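> kindly return the folded structure for what I paste below:
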Amino acid sequence: MRIFVLGLFLCVNIVAYSQNERFKSLFVFNFTKYIEWPDNYREGDFVISVLGTSPMYAELQHNVKGKQAGNQTIEVIQVSNISGIKKCHILYVPAQQSSLLEAVGKYLSGKPTLIITEKRGLIAGGTDINLSQTGGKLQFELKPKQIEKKNLKLSKTLLNLGIVYDESTTRKVPELESVDDTNVPR
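Below is the predicted model of the structure:
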């Protein structure tokens, strides 16, 4: 009986983990709808890179590859190290790669690449958006000022849905300049 209960517990945890990764991948896809990239990033494929080995790569492949971000087809690629990062719109840094975040930030400095992480506390570091789970609910934190310094424009909807982080506190900051939702390509 103990083995049955343990097996059932493990199956429930695996399903919950898989669902969590699926929801994270859908969050990433939805960010493409509420952020506007500069003109020189609106040609060719819309590239989402995943740093290192992570279940997120397979989830993104399954859930968003081939869909559109504006008029661009989404391509999902996996890069094994920082030097493998080429021109990409979004870089997803899984929790197990979070020790590389500072180096990633330096490598991508001056480029309009949105950096997304998934480890609690990383919003205070070099990430632009951090996915976190609180009370069983998946949510996201974002740094609008940092994102806008990368020449990316945020919609007001994204600002209202996320937990906005500024250097002094975590709070909603509606007064930031952002694009009107009607101007963001779908």
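> quick one: average pLDDT of the helix or strand Lys33 falls within?
Using DSSP states H and E, Lys33 falls within helix 2-34. Averaging pLDDT along helix 2-34 yields 63.
> same check on stretch 97-110?
Rounded mean pLDDT across stretch 97-110 is 95.
> now do the end-to-end distance for it.
21 Å (C-alpha to C-alpha, to the nearest Å).
> give me the buried positions along that stretch.
Gln97, Ser98, Leu101, Val104, Gly105, Leu108 (16 or more other C-beta atoms under 10 Å). C-beta here means a position set from N, CA and C on the backbone, and glycine is covered the same way.
> if we only consider the residues you listed, which is nearest to Cys88?
Distance to Cys88 across these (C-beta to C-beta) is lowest for Leu108, with 8.9 Å.
> so what's the closest one up against?
Ile85, Leu91, Ile115 (C-beta atoms under 8 Å, 6 or more residues apart in numbering).
> and the pLDDT at the residue at minimal distance from the centre of the chain?
Central residue of the chain (C-alpha atoms, centre = their mean): Ile116, 3.5 Å from the mean position. If you check Ile116, the pLDDT there is 97.
> tell me the spacing between it and Gly105.
Going from Ile116 to Gly105 by C-beta to C-beta, to the nearest Å gives 13 Å.
> what about the closest residue to Glu75 other than its chain neighbours, neighbour count?
Of all residues not flanking Glu75 in the chain, Asp45 sits nearest, at 4.2 Å (C-beta to C-beta, 6 or more residues apart in numbering). Using other C-beta atoms under 10 Å, the number of residues around Asp45 comes to 15.
> show me what the strand ranked longest in the chain is packed against.
Criterion DSSP state E: the longest strand present in the chain is strand 72-79. Counting contacts by 3 or more C-beta pairs under 8 Å, 6 or more residues apart in numbering; DSSP states H and E, strand 72-79 packs against strand 46-51, helix 55-63.
> tell me the most buried of the ones you listed?
Of all those, strand 46-51 carries the top mean neighbour count, a mean of 24, counting by mean count of other C-beta atoms under 10 Å.
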